[in-house]
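Asker: Model the following, please.
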Amino acid sequence: MRTIIFSYLITDIICVWFIVLLWRQNRNRYTGMAFWVVDFVLQTAALALIVLRGAIPDWISMILSNTMVIGGGNPGFRGAGTFRREKGPADSQLPATDAFHLRPKLFRPGPAQPRSKNS
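Answerer: Model prediction:
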């Protein structure tokens, strides 16, 4: 499974490279491509953190990477809407991203409780 995910990471890095090249060539012609670059970079960085699980602290590989995946969707949606010259609900998703990031901190389990003899 790690080989598949690592191959996916390499593929994502190549996709980021091509998206950056397309953005550099067409940034004056098409609006919204910078948002796509940000989206692809965040998604690839999140995947890299997931691949590094075990070598880095768990909160980085789980909480931060998931936040980057969810947070990367906002620029992606905004870029798609800007590319099509539409106003979309991308700004309304920012509070959801913040709530997603705070959720693990609010519902962190406390110290282990001894199990009762009846359970």
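Asker: Quick check, central residue of the chain?
Answerer: The centroid of the chain falls nearest to Val69 when counting by CA atoms, centre = their mean (1.6 Å).
Asker: Sticking with that residue, tell me its helix or strand.
Answerer: Here Val69, judged by DSSP states H and E, is contained in helix 65-83.
Asker: need the contact list for the residue nearest to the residue nearest to the centre of the chain when sequence neighbours are not counted.
Answerer: Distances taken as CB to CB, 6 or more residues apart in numbering put Ala46 closest to Val69, at 4.7 Å, once the chain neighbours are dropped. (Glycine included, C-beta is placed from N, CA and C.) Neighbour list for Ala46: Leu64, Ser65, Asn66, Met68, Val69, Gly72 [criterion: CB atoms under 8 Å, 6 or more residues apart in numbering].
Asker: Where do the helices of this protein begin and end?
Answerer: Remark: helices assigned in the chain by DSSP state H are 2-26, 33-51, 58-59, 65-83, 94-106.
Asker: mind listing what Thr31 touches?
Answerer: By CB under 8 Å, 6+ apart, Thr31 lies in contact with Thr82, Phe83, Arg85.
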